[in-house]
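Chemist: Next one to model:
(chains A and B)
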Amino acid sequence: MRPDSVTQPGPSRRRSARLRDDAIRWITRRHAHDGEQAHLGRDRIYILPTRAGYTLLGIILVMLLGSINYANNMAFLLTFLLVGIGHNAMWYTHRNLLGLQISTLPVPPVFAGQPITLPLRLTETAGRAREALVLCIGSHATAPFPVPARGTHSARLDLPGLARGIYRLPRQRLDTRYPLGILEAWSWLTLNPEIVVYPTPIDPGAATGGTGEDDPHTRDRREGEAPDQIRPYRPGDPPGRIVWKAFARSGKLHVREAAGGQGDRLWLEWDAMPATDTETRLSMLCHQVLAAHSEARAFGLRLPDQTLDPAQGATHRDRCLQALARFRTDGVELDPGPAT
Amino acid sequence: MNRPATPASPHGDLLGLDLALIALPVAALPHVWHQPPWITALVVLAIATRAWLLGTGRPSPSLTVMSGLAVIAGGLTLVQFGTVFGQEAGTALLLVMIAFKLLETRNRRDIVITLFLGYFVVVTSYFFDQSILIAAYSLLATGLLTAALIQVHAGRSIPRRHLARQAGAMLLHALPFMLILFVVFPRIEGPLWGDPQREDSARTGLSGELDPGDIASLLQDESTALRVQFDDDVPPLRAQYWRALVMTDFDGRRWSADENRSVIDPPVAGDADRVVRYTATLEPTRARYLPVLDYPSALPEDVDLRANYQVLRDRRITRRIQYSAAADLGTPPGAGEAALDPQERTRALHLPPSAAPRARAEVALWRATHGDDDRAIIQEALRQFAGEPYRYTLQPPRLQDDTTDRFLFETQAGYCEHYASAFAVLMRAAGIPSRVVTGYQGGAWQTRGEYLRLRNADAHAWNEVWLDGEGWVRVDPTAAIAPERIEQGITGLATDTGEEIPGFLRRGDGLSWLQRARFGLEDWGDFVRFRWESWVLAFDPERQRELFARLGLDAQDWRSVLIALGVGFGGLALLTLVWIWLRRPRPRRSPADRLLQRLSRRIARHDRALARQPHEPVDAWTRRVRQARPDLAEPLATFAGVYNRQRFAPLSPDQRADELDRLRSVLQQVPRGRPSTTKPKRGRA
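Modeler: Here you go, the predicted model:
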């Protein structure tokens, strides 16, 4: 279930994208990285005409030629009025970004393949209501949103699902064409929230057919040597504790109950997962972590390079999931798809 | 940004279409009077259909249907106008295409294109009308189009009031740019292509021929022909003859002007006292003559003075022009010359052999009485006209056969052109070279705006006769029969003759308050129009050159233009900065803080070191001052106490006001000046 929603661009497109990327990097080289918060000052707002802007320019030129040809002073007046409006639009559009503050909020971790929602907060301090701002990363953009004067707006940028790992955000862009659409002002942001993508949970039992006495993944190891007790299934028992082997033999559901209370410490082991490739193992471990947590059991996680001691609770679960997400990866820049 | 090929929600992408459906018809409205009704009907139908589709949430018609309709409309336009180019046809096509584009609108880009073309529609309406009313209306239309553009790009539905304010502000902020560019943008003469003059825009003006009845038709025309501003004193009305056309050739019925006379230099004005300088604004006449005050002594560059003292421009006057000239009131053409050029003399004496036999007989009698005295002959003719049975009327009977004889001996009723024509024939019969001059005489002095307004109704015809040594002397036979016409202008006629003249000419007494109000309003209207026309519409390369020259710049030199642009926009930028600075956010201090600041300033005048530092708490500061100045201890202690209560205690508004009053009175207890005990220190904080 690894979504690959991003189509691979052709080589030439790739190259132009890379050139473009280098150009932007060169332009923005003097900007410091933003981290969690960015303040849009004059030094980082860029503005260029849009296609509509060039169209209007063409219309104005035709009007100017007509005015000259017909020596029509009122036509001159209107033409120059439009020139003035167009010129001032530059100012208006620029001011629509100027002085905004953008901060990232912690990105809630997701499982691989699930869409990511990037929460951002825009704060207006200059006392001017802002209109029609669009935040985009590559080809993914928010709907246009306003920011009230001296207020804040919480924007959410939806990104497609990703494979397991830790991601850095690529360069973001906040842009606006308000009010006339003839100019686009934008600012490149380098906000850097960490995006954590957990592995997709895969039930090891389901993956292997769930038969066989010695399935390694069910061979939980306990440190307190007390044997398990088997008792009949009661509604509400976590499915992870069902003794499937017994079910296969007798057709009756039984659950395994830890005998030693505190001593009942479950080790989830990398080596015990019935798969060979890393991602599948991580996915299975992920499933086990979730299962153990939902059974409210204390569990430990043993990975080839890391061992998390047994504990209980949501924090511990998240730490384990983080460990899975971070396994043998150090932050990849998220590929946002072809930039536009 | 990516836009989906087919919008999932058409209403999201059609944001602002409703406003576009209002703004575009408003922009197109002035065209209704200049386009064939079917265009109007088509546009209205298309827009109404689009509004209905939008209102009911239906999709717009398919592209195939639209293309078919567009081809049909283009064909109809072609059939109607015979072309799709040119002003009328082009505008018609533009309107139809915009209407169809609106009907077909699918996304934001379509709306934006139609709105841009909407600006174009506004500008094309100036082909037909350049009045100040249309200018004001254009502002409204432009504002609406801009508001629609803003709405389209706002990404959400914006309240109308907010939208209006935003569009209004954009327009207002653009006005300085408009003015600077209007003045500074280099103007060039003449069209870039084609003949920009519309074919059907011929206006009534003086015609190159004089036929009885010509001027009478002008008398019905209350539109302005000429407006004049005088540099200094205004000459008396009876001395103001604005000569336009000089007619020497007579075929027995019709006088005609000759545009092919040789060019001569304007005479050097003799007596500076009699020179009148003025600036005239002439409405388009589609003719080449320029009405000038008798007798022209200085003329603008692009006009010629011809041998018959007719002033001609090198091309027809197809739009309003402004010119400055000077006149020498007292020196007629040819003054001081002993004799008229023989060729000219022959021409000025020519009468068709069959013309006016009775008049010739009459003149022969006069000659017998007065002998060689030309002046006596002239006086005789004028005397004849002055008495019975000659009448001055604007509705004379029609003249058949030989117009001169009919008029002189039968109808004996007419106005300036009849008298001028008859007088010239009489003079020629007597052997005195004579000619007819047409132009304007009279007019109404506009006290508001201080200018003379000559209507087409002020058209007049008079004569010039050649007297050796004196030149072409002006004789106005109308002055003999109806002197009030000359003394007071054509409006003076009303009281005297009880004539049925057009209502607008009656300006004297006997008007109801309603009529007076109407005329007052009309004068105001003409004043506004005049300002608009002379300041805005008459601005042309010539005016621009003058303006630049007055600033010591050369409008033809790009460096000058750059300087002017730089100064203009630099000034604008400076003003903007000042404005921004004036409106900068300032921390608002509470009244108590302001009083504290005043106290600190007061104390600082005693000793600078005692001024309160920004970081210093009030208590600490007053303690410090009290140590240095025990004499001020009491008021300062009170001040600190009251200040703290005022700032920090929960008080009712009344109490707060009382406390503030106390602070003020304490402030008064601290002496303002420098007491003798402190060391003299110059300067104040």
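Chemist: Tell me where the model's unsure across the stretch 101-250 of chain A.
Modeler: Counting by pLDDT under 70, the ranges of the stretch 101-250 of chain A that qualify are A:206-228, A:236-238.
Chemist: For the residue of it at minimum distance from chain B, the count of nearby residues, please.
Modeler: Distances between the stretch 101-250 of chain A and chain B by C-beta to the nearest C-beta are smallest at A:P144, namely 2.8 Å. C-beta coordinates here come from the backbone N, C-alpha and C atoms, glycine included. By other C-beta atoms under 10 Å in any protein chain shown, the residues close to A:P144 number 21.
Chemist: Could you tell me which residues make contact with it?
Modeler: Listed by C-beta atoms under 8 Å, 6 or more residues apart in numbering or on different chains, the contact set of A:P144 reads A:131-134, B:154-156.
Chemist: can you tell me which of those residues are in helices?
Modeler: In helices, defined here by DSSP state H, the members of these are B:A154.
Chemist: Would you write a PyMOL line that selects the buried entries of the contacts of A:P144?
Modeler: The buried subset of the contacts of A:P144, as determined by 16 or more other C-beta atoms under 10 Å in any protein chain shown, is captured in PyMOL by this line:
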select buried, (chain A and resi 131+132+133+134) or (chain B and resi 154+155)
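Chemist: isn't A:I47 right up against A:L183?
Modeler: Yes - contact status for A:I47 versus A:L183: in contact at 5.7 Å, counting by C-beta atoms under 8 Å.
Chemist: Now the common contact residues for the two.
Modeler: With C-beta under 8 Å, 6+ apart applied, the overlap between the contact sets of A:I47 and A:L183 consists of A:90, A:93.
Chemist: Compare neighbour counts for those two and give me the winner.
Modeler: Each of A:I47 and A:L183 has its neighbours counted (other C-beta under 10 Å); A:L183 has more, 24 against 17.
Chemist: Return the residues of the stretch 501-650 of chain B in contact with chain A.
Modeler: Those residues of the stretch 501-650 of chain B that sit near chain A, judged by C-beta under 8 Å from any C-beta of the partner chain, are B:536-540, B:585.
Chemist: hmm, back to that, just give me the closest of the contacts of A:P144 to B:R531.
Modeler: B:A154 (38.5 Å; C-beta to C-beta).
Chemist: From chain A, how far out is that closest one?
Modeler: Distance check for B:A154 against chain A: by C-beta to the nearest C-beta, to the nearest Å, it reads 5 Å.
Chemist: Surely that residue touches A:A129?
Modeler: No - using C-beta under 8 Å, B:A154 is not in contact with A:A129; the gap is 10.8 Å.
Chemist: list the residues that contact both of those two?
Modeler: Going by C-beta under 8 Å, 6+ apart, residues that sit against B:A154 and also against A:A129 are A:P146.
Chemist: Tell me the residue of the stretch 451-600 of chain B that sits nearest chain A?
Modeler: Ranked by C-beta to the nearest C-beta, the top residue of the stretch 451-600 of chain B for proximity to chain A is B:L537, at 5.1 Å.
Chemist: burial of B:Q151, as a residue count?
Modeler: Burial measure for B:Q151: 26 neighbouring residues, criterion other C-beta under 10 Å.
Chemist: list the contacts for it?
Modeler: Listed by C-beta under 8 Å, 6+ apart, the contact partners of B:Q151 are B:15-16, B:19, B:157-158, B:163.
Chemist: Look at it and report its pLDDT.
Modeler: As summarised for this prediction, B:Q151 has a pLDDT of 94.
Chemist: nearest residue to it other than its sequence neighbours?
Modeler: Closest residue to B:Q151 in three dimensions, ignoring its sequence neighbours and counting by C-beta to C-beta, 6 or more residues apart in numbering or on different chains: B:G16, at 3.8 Å.
Chemist: Could you check how many residues crowd around that neighbour?
Modeler: B:G16 has 24 neighbouring residues, counting by other C-beta under 10 Å.
Chemist: Would you check that it makes contact with B:L144?
Modeler: No - with contact taken as C-beta under 8 Å, B:G16 and B:L144 are classed as non-touching, separated by 11.6 Å.
Chemist: which neighbours do these two share?
Modeler: When contacts are counted by C-beta under 8 Å, 6+ apart, B:G16 and B:L144 have no shared neighbour.
Chemist: picking that back up, where does the residue nearest to B:Q151 sit relative to chain A, distance-wise?
Modeler: B:G16 sits 10 Å away from chain A, going by C-beta to the nearest C-beta.
Chemist: Identify the residues contacting that residue.
Modeler: Residues near B:G16 by C-beta under 8 Å, 6+ apart: B:108, B:111, B:148-149, B:151-154.
Chemist: can you list the weak-confidence ranges in the stretch 101-250 of chain B?
Modeler: Residues of the stretch 101-250 of chain B that meet the criterion pLDDT under 70 lie in B:190, B:194-205, B:212-220.
Chemist: all helices for it, in order.
Modeler: Chain-ordered helices for the stretch 101-250 of chain B, with DSSP state H, counting those that start in this stretch as the definition, fall at B:108-124, B:132-154, B:160-184, B:214-219.
Chemist: Could you do the stretch 451-600 of chain B as well?
Modeler: With DSSP H, counting those that start in this stretch as the criterion, the stretch 451-600 of chain B has helices at B:477-481, B:483-487, B:493-497, B:513-531, B:541-550, B:558-582, B:591-606.
Chemist: can you map out the helices along chain A?
Modeler: A:11-27, A:51-70, A:73-97, A:204-208, A:244-250, A:278-294, A:314-325.
Chemist: before we move on, back to that, nearest approach to A:D22 belongs to which of the helices of the stretch 451-600 of chain B?
Modeler: Comparing those against A:D22 with C-beta to C-beta, the closest turns out to be helix B:558-582 (35.7 Å).
Chemist: Provide the contact partners of the closest one at residue level.
Modeler: Contacting residues not belonging to helix B:558-582 are listed as B:176-177, B:180, B:183-184, B:186, B:548, B:551, B:553-555 [C-beta under 8 Å, 6+ apart].
Chemist: again, but for stretch B:400-415
Modeler: B:212, B:215-216, B:219, B:252-253, B:354-359, B:362, B:389-394, B:396-397, B:399, B:418, B:421-422, B:425-426, B:478, B:482.
Chemist: List the buried residues of that stretch.
Modeler: Of all the residues in stretch B:400-415, those buried under the rule 16+ other C-beta under 10 Å are B:402-408, B:411-415.
Chemist: Tell me how far it lies from the chain's centre.
Modeler: The chain centroid and the centroid of stretch B:400-415 are separated by 43 Å under C-alpha atoms, centre = their mean, to the nearest Å.
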